[in-house]
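Colleague: The sequence and its predicted three-dimensional model are supplied below.
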Amino acid sequence: MSYFQHHVFFCCNQRAEGETCCNAQGASELQAYAKDRVAALGLKGKGKVRINKAGCLDRCDEGPVLVVYPDNVWYTFVDKSDVDEIITEHLQNGRIVERLKI
């Protein structure tokens, strides 16, 4: 069994100006929001959920992106409501959010 039930990586890569990257689309801010939200819901810690920043996940053209392991589900997101939906549906209830899946 893995240490975390779900390990979520947000691409927070910052490329040169003019190049597509997740961080230019608010990824770092939404990663921090997700981390705080997971903690507030009591989902943080061993056997639960871990929210991490990642360098380039090589999908910036589809971004911003995050990936949920061990489920290997990739999502795009736009705002806090999308992140909330991923937390509620996928991380809490085990249901993939098809509309955000890439």
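Modeller: Happy to help now that I have it.
Colleague: Setting aside sequence neighbours, what's the nearest residue to residue 101?
Modeller: With sequence-adjacent residues excluded and distances taken as Cβ to Cβ, 6 or more residues apart in numbering, residue 101 is closest to residue 75, at 6.0 Å. Heads up, the C-betas are built off the backbone N, CA and C, glycines and all.
Colleague: Look through this protein and tell me its longest helix.
Modeller: In terms of residue count, the longest helix belonging to the chain (DSSP state H) is helix 27-40.
Colleague: and residue 95, what does it touch?
Modeller: The neighbours of residue 95, taking Cβ atoms under 8 Å, 6 or more residues apart in numbering as the test, are residue 89.
Colleague: now the helix or strand following the longest helix of the chain, how far from the centre of its chain.
Modeller: Per DSSP states H and E, the first helix or strand lying C-terminal to helix 27-40 is strand 49-54. Remark: strand 49-54 is offset 7 Å from the chain centroid, using Cα atoms, centre = their mean, to the nearest Å.
Colleague: in the longest helix of the chain, what counts as buried?
Modeller: 27-28, 30-31, 33-35, 37-38 (16 or more other Cβ atoms under 10 Å).
Colleague: Let me know the angle separating it from strand 49-54.
Modeller: 160 degrees (axes from the mean of the first three to the mean of the last three Cα atoms, to 10 degrees).
Colleague: Can you pull out the residues in contact with helix 27-40?
Modeller: Here helix 27-40 has contacts from 8, 10-13, 44, 49, 51-53, 63-66, 77, 79-80, 83-84, 86-87, 91, using Cβ under 8 Å, 6+ apart.
Colleague: low pLDDT regions in the protein?
Modeller: Flagging of the chain using pLDDT under 70 yields the residue ranges 1.
Colleague: Output stretch 71-84 as PDB - backbone C-alpha positions only.
Modeller: The C-alpha trace of stretch 71-84 is given here as PDB (Å, rounded to 0.1, in the frame of the first residue of the first chain):
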ATOM      1  CA  ASP A  71      -5.000   6.600 -10.300                       C
ATOM      2  CA  ASN A  72      -2.900   8.200 -13.200                       C
ATOM      3  CA  VAL A  73      -5.800  10.600 -14.000                       C
ATOM      4  CA  TRP A  74      -4.800  13.900 -15.600                       C
ATOM      5  CA  TYR A  75      -6.900  17.000 -15.300                       C
ATOM      6  CA  THR A  76      -7.000  20.500 -16.500                       C
ATOM      7  CA  PHE A  77      -8.600  23.300 -14.400                       C
ATOM      8  CA  VAL A  78      -9.400  27.000 -14.700                       C
ATOM      9  CA  ASP A  79     -10.400  28.200 -11.300                       C
ATOM     10  CA  LYS A  80     -11.100  27.300  -7.600                       C
ATOM     11  CA  SER A  81     -14.500  25.700  -8.500                       C
ATOM     12  CA  ASP A  82     -12.700  23.200 -10.800                       C
ATOM     13  CA  VAL A  83     -10.200  22.400  -8.100                       C
ATOM     14  CA  ASP A  84     -13.000  22.000  -5.600                       C
END
